[in-house]
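A.B. asks: Need a 3D model of the sequence below.
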Amino acid sequence: MDFIKRLLGMSLKKALKIQDRNNPHKRYGIVVSSLEELKTKGCMKLGVDQVCSVVLEEDGTEISDEEYFKILPSQTVVLLLQSGQCWNGSIDYLKQAYEKIFTNIDNRQNLINEVNSLLKDDNSLVTNLMSMFADSLQQNVDAENIKDDPHWFEGLQFSCTTKTGAMKRNAKQRVRGYLSKAKELESSMKSKAARRKFVDILSLFRKMLEKDGFFEVYFDRSSKNVKTRFCDGKGWFTCGGAHDQKNCSHRHSINPYGSKETRVLFSTWNLDHQIEKSREVLPTLKMAIETCPENKQINTNYFYELLFTRNNLKLVDIRCHKKTKHSGCIMNQKEVFINC
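C.D. replies: The predicted model follows:
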């Protein structure tokens, strides 16, 4: 029985890392089963008398109770703060890093070397930011034509002579994919009349997409339509964060125009439907076709916006892409039908 109790007790413990607030490269491993035990053992590790609060190293969020402690992943990095101390997340380290970088730097390569020397923790916010900074120094972002950056075009499955042309094609292919996915509904329609109606709607969608250029503007850094494109004028894309967040807490960014490697990596970024395409939009479209009242007609503009436009699309780094059901993101049933 004692053995079983000890075994159960061990299963509740988790391994965490304590970050030294004043030294970003000094950490202590610790195995604890509760927040209070973390504070007690943490004091011993750090040689301090009392800890007032425990916060996440990444963004300074306080671990305020045992419930929060229970959901912490193994190897989470935390800081133990004493009275009067505060922590604003890895941005504090970033400030220190910039001070180090811009001291006695006499050329571009030394700058790159200094940045790379600071990339110690793959999971920290400062690493994400510094990696982006180091990568930007080594990328050929401003080059546009194949003659100026031939390496960028290696491996493309189609002929293209400009980066913008290739990125516009990439966006069109993704949007075309949503239309192809919608076509799969046809075989599930209950009647021939419903299938004919569905084919008519798809034909309308295609005409609307052709008019909108299949939204190639989404990835076009040269477009003047800044409200529709997802990138800035240099080609930098910023992650919109998970579907249940307003912004990306990790500040993920990428510039696929910079190098072949970032272009390939960008393929893992998702155009995420907030109101889900497969779980919500397409099933509702099917239902609307099969049950449309005689005095109503299907609001095709509403479905078009949900399937293909930024009204319902968010660009998300794969690390922020949650494949679970988007709770809270549901269709407005009043918009499904309109009066004839």
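
A.B. asks: Now name the helix or strand holding the closest residue to residue 185 other than its chain neighbours.
C.D. replies: Computed as C-beta to C-beta, 6 or more residues apart in numbering, the closest residue to residue 185 that is not its neighbour in sequence is residue 286, at 5.3 Å. Where you see a C-beta, it was placed from the backbone N, CA and C, and this is true even at glycine. Using DSSP states H and E, residue 286 maps to helix 282-291.

A.B. asks: can you list contacts of that helix?
C.D. replies: Applying C-beta atoms under 8 Å, 6 or more residues apart in numbering, the external contacts of helix 282-291 come out as 181-182, 185, 188-191, 194, 197-198, 201, 298, 303, 331, 336-337.

A.B. asks: Could you look up the next helix or strand downstream of it?
C.D. replies: Following helix 282-291 in sequence, per DSSP H and E, is strand 296-298.

A.B. asks: That next one pairs with which strands, and in what direction?
C.D. replies: strand 337-339 (antiparallel) (DSSP bridges).

A.B. asks: and the strand it pairs with, what's its mean pLDDT?
C.D. replies: The predicted model assigns strand 337-339 a mean pLDDT of 93.

A.B. asks: for it, which positions count as buried?
C.D. replies: Buried positions in strand 337-339, judged by neighbour count with 16 or more other C-beta atoms under 10 Å: residue 337.

A.B. asks: residues in contact with it?
C.D. replies: 288, 292-293, 295-299.

A.B. asks: same thing but 6 Å
C.D. replies: Residues from elsewhere that reach strand 337-339 (C-beta atoms under 6 Å, 6 or more residues apart in numbering): 296, 299.

A.B. asks: ok, now stretch 261-277?
C.D. replies: Applying C-beta under 6 Å, 6+ apart, the contact partners of stretch 261-277 are 174, 243, 254-256, 306, 312-318, 321, 326, 329, 331.

A.B. asks: now with 8 Å?
C.D. replies: With C-beta under 8 Å, 6+ apart as the criterion, stretch 261-277 contacts 135, 139, 152, 155, 166, 170, 174, 178, 181, 218, 237, 239-240, 243, 254-257, 281, 306-307, 312-318, 321, 325-326, 329-331.

A.B. asks: Kindly report the same for stretch 62-82.
C.D. replies: Identification of contacts with stretch 62-82 by C-beta under 8 Å, 6+ apart yields 14-19, 21, 27, 34-35, 38-39, 42-43, 46, 48, 50-58, 87, 121, 123-124.

A.B. asks: can you check stretch 307-321 too?
C.D. replies: 175, 178-179, 182, 205, 209, 212, 215, 218, 228, 230, 237-243, 245, 248, 250, 252, 254, 268-275, 277, 281, 305-306.

A.B. asks: rewinding a little: going through the contacts of stretch 261-277, which ones are buried?
C.D. replies: Applying 16+ other C-beta under 10 Å to those flags 135, 139, 152, 166, 170, 174, 178, 218, 237, 239-240, 243, 254-257, 281, 306-307, 312-317, 321, 326, 331 as buried.

A.B. asks: Quick check: which ranges of this protein have low pLDDT?
C.D. replies: Filtered on pLDDT under 70, the chain yields the residue ranges 1-11, 22-25, 59, 88-138.

A.B. asks: Having no further points to raise, I will conclude here.
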